[in-house]
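Colleague: sequence first, predicted model second:
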Amino acid sequence: MKPDDILEAIARIGRERLGWTGALSPEMRLIDDLKLDSVHLLTLAVEIENRFRIALDEADEAALETVGDLAAAVRRKLALA
C-alpha cells in the first residue's frame, strides 16, 4: 500500500467518523490543528485498526502528534504483518 493510499484512508475515516472537512496534510497536528480530544483520538485509533487490520499499542499512540506520524505508524504495522 502506498503512503498516499494510507493518507487518503485516514482522511476518509476522519470525514466519515469525525466530521473533518477540508484538506488533510501530513503536517497537521491531531490535537492542535484537528482539535481532537481523547474520545476522538480513541475513535480514530479504533477505526484505523479496523480499516487496516492492525493493532496500535500504547507506544505507537503516545508517539502520534501529526497525521504523518499516524500514517507512518500504519505503514510500520503493515510491514510487520
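Modeller: Yep, it's here.
Colleague: low-confidence stretches in the chain?
Modeller: Of all residues in the chain, those with pLDDT under 70 make up the ranges 81.
Colleague: what residue is smack in the middle of it?
Modeller: Nearest residue to the geometric centre of the chain (Cα atoms, centre = their mean): Leu70, 4.4 Å.
Colleague: all helices for the chain, in order.
Modeller: 3-18, 38-52, 58-62, 67-80 (DSSP state H).
Colleague: closest to Leu24 out of those helices?
Modeller: Ranking these by proximity to Leu24 (Cβ to Cβ) places helix 3-18 first, at 4.3 Å. (Glycine included, C-beta is placed from N, CA and C.)
Colleague: which helices and strands sit right next to that closest one?
Modeller: helix 38-52, helix 67-80 (3 or more Cβ pairs under 8 Å, 6 or more residues apart in numbering; DSSP states H and E).
Colleague: now those in TSV, with distance to Ile6?
Modeller: Below are the helices and strands packed on helix 3-18 laid out as TSV (distance: least, Cβ to Cβ, whole Å):
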stretch	distance to Ile6
helix 38-52	8
helix 67-80	5
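Colleague: nearest to Pro26, out of those?
Modeller: Closest among these, using Cβ to Cβ: helix 67-80, at 3.1 Å.
Colleague: who's in contact with that closest one?
Modeller: 1, 3, 6-7, 10, 24-28, 30, 34, 44, 48, 52, 54-56, 60, 63-64 (Cβ atoms under 8 Å, 6 or more residues apart in numbering).
Colleague: good, wrapping up.
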